[in-house]
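**Student:** just to be clear, the model below is a prediction. Sequence and coordinates:
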Amino acid sequence: MLDTVLGLLVVAALPLAITAIPNTLSVVAKLLPGDIDQIGLMRTHGLALPALMLTVPLAAVALRRANPAYVLLGALGLMALTDVAGGFAASELLVGAVRVLRGIGAGLIVAATLAAVWGRAPVLRALWVGVFTLSLLAAQALALWPLDNVDSWRVTLQPYPMVTGVALALAAFYLVAWMLLGRPAAPGPDVRERNRLLLAAVPAAGISVAAISTATEGWRAIPVILLAAVAIVGLLALASIGTAESRTMAYSMVAVGAVLLPSAAQVTLVEMGGLGGPGLRGLWVPFGVAGVLAVAASAVVRVFAGASGRWLAPLGLLSMVVGLCSVRLVVPSAEGLVLAVPFTLLAVGAAVALTSALQEVGAGGAVFGLSLCFAGVLAGFLLGTGVQMAMLDGVKSAQELVDSFVGALRWWALIGGFLLVAITVLAAVMARRSGGGVVAAESGSDDGLPSAGDRAAGRLDGDVLVVPASSQQGGDPADDGGERAGGDERGDAGSDADERLGAEDAGRGVEPADVAEEDQPTGAIPRVVLPVSSQGAFDKVKPRGEAGEPGSSPAVPPQGHSPEDAASP
């Protein structure tokens, strides 16, 4: 029952959070009052995405101490509060505050839902990836849908109040079920991962400041494009931190974030009814088909791919490249059904890439990649905006405006395709340079070091063989007593023999400490960790030779002398 409620909560809350990203105030610009700075209002309406970007890594750090059930309830309560406050917003300051709070709530929902499904049934994580991919694909359409024939611009601040109420009720029911059914713990990032998550907030803040600056200072097309390119390069550099598995996850998240939502948003705008497309009513069938196939593909990869699924991440990104190529061929189209081809290729490719990459990392690495994903979304929007600014420069008629929008979309599809190919090649090169490291367990650390639990259980990664043996204090007390008695009986003769043995060893260059260590009882050998080749780590033990020959030690230590042996008849 807990998994069922959590699945319903993911389906209801995750699209609601992603829908907060698009800035749709320009669509209802005619309804804005004349006494409000319309340009400033549109700029403050776009503050939700920067707030979401900064919230995701900080929320992941907070989830080390707070359970996702509490975070989800608080986040959806905050979303409901923004719905109520949005109905009373009448100034630029209040609109900015509502959008910032909505972005914070959306970031908490995204991070908490991922943490909640992480330790549950495998199909739940596949459902999360599928719904997340569909939400990125349809975010622009979902944000525009409530604006059809509205009479108030404040609808942009409260697009789905009923869905928010349903999600809030599900979150409350999930919290009650979680408390009654044993309070299962959700995995969170450890201390090392926390530092990396805090580091991910730095580029998010920098990209947010740069994006706000481009909107307020009136930047030209070329500086905006260069700024977006620098932001993407910086995200890829940050994604290169960590093990090979965490790098693959981070690269995939940056690629999906920078390409999927910006591409789908431009396609949705070009296919509006006023520009000759089928409109939103003609797009829901392609969106539905792409969403169902994305969830199915994610479930198949999660359940059946296993460890070999790591090779599916580049294939998923290449599927997105094919989807962008089909965008150049079929968009614009007056028929909505043909758009199922690019939408399916984009959604299924993103779902396959993210699902296969998520199988290689722990919870901390997954949220780190998610933080880079939303920073990539803003960088992709900046890059697409720069291309549109370059194409729309000098437009004089409505037809030229439509042609420029279509031309900008085609150029963006070309740029996005090359970006995906470049990230795929970069991931392959970095994986080859790292030597294809050991696949990290889902519960393990993302930095390549064994966790404390792995060390305690004797599970170490890499070419390390753990050889368990008795501790130095683990011998039988009776054996110790027998050895002490034997030593007393030897007396001076034993001491003379030891001195002669030490003199002979000194002549051969052997230290007396080494001899003393070899003469210890077998039960006194401590637990040893030996670096060995992985090729022969699990070979059969070879037969031992005679005494004095190499390898003459017995495979199994002989049983020590027991006092009961002397008492037996």
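**Tutor:** Happy to help now that I have it.
**Student:** quick check: residue 109 touching residue 17?
**Tutor:** Yes - Residue 109 is within contact range of residue 17, at 4.1 Å (criterion: Cβ atoms under 8 Å). Every residue, glycine included, has its C-beta placed from N, CA and C.
**Student:** who's more crowded, the two?
**Tutor:** More crowded of residue 109 and residue 17, by other Cβ atoms under 10 Å: residue 109, with 32 against 27.
**Student:** host element of the more buried one?
**Tutor:** Under the criterion of DSSP states H and E, residue 109 resides in helix 92-118.
**Student:** and that helix, what's buried?
**Tutor:** Buried residues in helix 92-118, counted by 16 or more other Cβ atoms under 10 Å: 92, 95-118.
**Student:** and that helix, how far from the chain's centre?
**Tutor:** Here helix 92-118 is found 18 Å from its chain centre; the criterion is Cα atoms, centre = their mean, to the nearest Å.
**Student:** need the three-state assignment for the residue nearest to the spatial centre of the chain.
**Tutor:** The residue lying closest to the centre of the chain (Cα atoms, centre = their mean) is residue 366, at 2.2 Å. Three-state assignment for residue 366 (DSSP: H, G, I helix; E, B strand; the rest coil): helix.
**Student:** just to revisit the earlier point, overlap in contacts, residue 109 and residue 17.
**Tutor:** Residues touching both residue 109 and residue 17 (Cβ atoms under 8 Å, 6 or more residues apart in numbering) are residue 79.
**Student:** picking up where we left off before, the residue nearest to the centre of the chain contacts residue 113, correct?
**Tutor:** No - at 11.6 Å, residue 366 and residue 113 do not qualify as touching, with contact defined as Cβ under 8 Å.
**Student:** circling back to that earlier point, what mean pLDDT would you report for the helix holding residue 109?
**Tutor:** Per-region confidence: helix 92-118 scores 92 on mean pLDDT.
**Student:** ok, now stretch 427-434?
**Tutor:** The average of the pLDDT scores along stretch 427-434 is 80.
**Student:** which stretches of the stretch 1-150 of the chain form helices?
**Tutor:** 2-18, 38-45, 48-62, 68-86, 92-118, 122-144 (DSSP state H, counting those that start in this stretch).
**Student:** between helix 68-86 and the third one, find me the angle.
**Tutor:** Right, helix 48-62. Orientation note: helix 48-62 sits at an angle of 160 degrees relative to helix 68-86 (axes from the mean of the first three to the mean of the last three Cα atoms, to 10 degrees).
**Student:** also the last one?
**Tutor:** Using the same axes, to 10 degrees, one finds that helix 122-144 and helix 68-86 are set 10 degrees apart in direction.
**Student:** okay, the angle between helix 122-144 and helix 92-118?
**Tutor:** The directions of helix 122-144 and helix 92-118 differ by 160 degrees, with the same axes, to 10 degrees as the criterion.
**Student:** and the nearest residue to residue 235 once chain neighbours are set aside, what does it touch?
**Tutor:** In space, and not counting its chain neighbours, residue 235 is closest to residue 254: 5.0 Å by Cβ to Cβ, 6 or more residues apart in numbering. Contacts for residue 254 (Cβ under 8 Å, 6+ apart) come out as 232, 235-236, 239, 369, 372-373, 375-376, 423.
**Student:** switch to 7 Å and redo it
**Tutor:** Residue 254 makes contact with 235-236, 239, 372-373, 376, 423, according to Cβ atoms under 7 Å, 6 or more residues apart in numbering.
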